[in-house]
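1. A predicted structure for the sequence below; I have some questions about it.
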Amino acid sequence: MGEASIPPNVIPIADLRYRAAVPAIPAALRPATGQLSDALGRPLRDLRISVTDRCNFRCSYCMPKEVFDRDYAFLPQSSLLSFEEITRLAKVFVAHGVHKLRLTGGEPLLRRHLETLVAMLAELRTPRGEPLDLTLTTNGSLLAKKARALHDAGLRRVTVSLDALDDAIFRRMNDVDFPVADVLAGIDAALAAGLEPVKVNMVVKRGTNDGQIVPMARHFREQYGSAAVLRFIEYMDVGSTNGWRMDHVLSSADVIAQLGAAFPLELLAAQAAGETAQRWRYLDGGGEVGVISSVTQAFCRDCNRARLSTEGRLYLCLFATHGHDLRHLLRDARASDAELTGVVAEIWAHRADRYSELRGRGIAQAGGGERRVEMHYIGG
Ligand code: SAM
């Protein structure tokens, strides 16, 4: 049976789920110049590192309970990249021009001693000797306990996912009955530890939490001003298990229309190329909000991101079907740093992914084709 025909409630074995080729070590090794360019002329600036495929939430749009249940085979500890392996690979990417590292998952705060990894990554410097923009995306459930240690280890910023302010809606969405108050306590702890501003990401699913757009905006404006920046994310067709449908997507244009009716807004200019969020300012000075429109306004043209999975596979697009097995090079081929550098240069040079743009133009079919990698495995 081919992968594309596997129904969503059947769990294929791990190797089928996450296909990855072992990259060949090129005969001529290109050294790092800090300036890679892919087949569409895009640089490599941002590396997202998934540190675990496990999560303590079961949001239906990401890790639905019916699929990720007690019998689901998460990766064994021995498959995960060690902190030393992650740091070694991160160093190669930084030499190639990456200046932003985001730790993600799964739920990254479930990985034990994460602050040790943060401290190791915080030591890295760009080719120009500058510290990296080191950040983390979390569901906030363990943040109240860990914010101080993460900050002290060198974390600079944090993004917290929160899909509703209404406790009943939030508990239903995370599907493990987790209360809003504990996530808000995590945000407060992050701010108290100096991780400011905190970005708060809300995935908007039409008919589920779209009534929470204005209450969320009001809460974060009034309680936090510019110390917290709320961003609304269009519900995406990542992975193959969430039963995504276009009529569940509420466009960013609709989000801005709802918000603008409550709080007059003004569009802000982008701060940097490749920025995922479009930024809007409250005209009354109450701070800003953002919208991330990867469904209705694909931003593939500027995409400068790569993703390293929990077990060391490199993915060049959130919607990828295939990865590149860097762990094999580290553990089995015992590749040198120069060889790893050459391999990453070669992989990036051939990158031509632009799934969202093709989907937007009707060329790629949402939910169709080969099984795509799951978001909890390569990280958000
Ligand atoms: N556990 C962490 C968290 O909750 O932030 C990090 C991993 S989670 C996969 C990263 C982000 O992806 C979260 O903000 C989550 O809401 C978002 N996400 C997951 N599935 C999504 C989807 N189908 N569409 C849009 N965003 C999604």
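-> Sure, I can see it.

2. I figured residue 241 hits residue 61, correct?
-> No. Using Cβ atoms under 8 Å, residue 241 makes no contact with residue 61, being 9.7 Å away. Placement of C-beta: from N, CA and C, glycine included.

3. and this structure, which of its residues are near the ligand?
-> Where proximity means Cβ under 6 Å from any ligand atom, the interface of the chain facing the ligand comprises 55, 61-62, 104-105, 107, 137-139, 161, 201, 203, 233, 235-236, 238, 242, 375-376, 379-380.

4. In strands, which of those residues fall?
-> Among the residues of the chain next to the ligand, DSSP state E puts 104, 137-138, 161, 201, 203, 233 in strands.

5. quick one, what contacts residue 148?
-> With contacts taken as Cβ atoms under 8 Å, 6 or more residues apart in numbering, residue 148 has the following neighbours: 189, 193.

6. Over to residue 358?
-> With Cβ under 8 Å, 6+ apart, residue 358 has these contacts: residue 364.

7. That one and residue 198, how far apart?
-> Counting by Cβ to Cβ, to the nearest Å, the gap from residue 358 to residue 198 is 34 Å.

8. How about residue 159?
-> Distance from residue 159 to residue 198, by Cβ to Cβ: 7 Å.

9. Please say which of these two ends up with more neighbours.
-> Set residue 159 next to residue 198 and count neighbours by other Cβ atoms under 10 Å: residue 198 wins out with 24 against 20.

10. And the pLDDT for residue 186?
-> Per-residue confidence (pLDDT) for residue 186: 98.

11. Run a quick neighbour tally on it.
-> Residues lying near residue 186 (other Cβ under 10 Å) number 25.

12. Checking my notes, it in a helix, right?
-> Yes. Assessed with DSSP: H, G, I helix; E, B strand; the rest coil, residue 186 lies in a helix.

13. State the distance from the residue nearest to it when sequence neighbours are not counted to residue 88.
-> Distances taken as Cβ to Cβ, 6 or more residues apart in numbering place residue 143 nearest to residue 186, at 3.0 Å, with adjacent residues excluded. Distance, residue 143 to residue 88, using Cβ to Cβ: 28 Å.

14. higher neighbour count, these two?
-> Neighbour totals were compared for residue 143 and residue 88, and residue 143 leads with 25 against 16 (other Cβ under 10 Å).

15. so who does the more buried one touch?
-> So residue 143 contacts 109, 158, 160, 183, 185-187, 189-190 (Cβ under 8 Å, 6+ apart).

16. quick one: it from residue 150, how far?
-> Residue 143 is 8 Å from residue 150, by Cβ to Cβ.

17. Repeat that for residue 82.
-> Where residue 150 is concerned, residue 82 sits at a distance of 19 Å (Cβ to Cβ).

18. one step back: what pLDDT is listed against the residue nearest to residue 186?
-> Per-residue pLDDT puts residue 143 at 98.

19. And for residue 368?
-> 57.

20. One more: the one 5 residues further on?
-> With respect to pLDDT, residue 373 scores 74.

21. Now it: which helix or strand?
-> In the assignment (DSSP states H and E), residue 373 maps to no helix and no strand.

22. Count the residues that sit near the nearest residue to it once chain neighbours are set aside.
-> In space, and not counting its chain neighbours, residue 373 is closest to residue 320: 5.6 Å by Cβ to Cβ, 6+ apart. Residue 320: 21 surrounding residues under other Cβ under 10 Å.

23. so residue 97 sits right up against residue 47, yeah?
-> No. Residue 97 lies out of contact with residue 47 (Cβ under 8 Å); the separation is 10.2 Å.

24. Tell me where this structure has strands.
-> Under DSSP E, the chain gives strands at 20-21, 46-50, 100-104, 133-138, 157-161, 198-204, 228-234, 265-267, 278-282, 288-292, 305-308, 313-315, 323-325.

25. and the second one, what does it pack onto?
-> Other elements packing on strand 46-50 under the criterion 3 or more Cβ pairs under 8 Å, 6 or more residues apart in numbering; DSSP states H and E are helix 83-95, strand 100-104, strand 305-308, helix 375-378.
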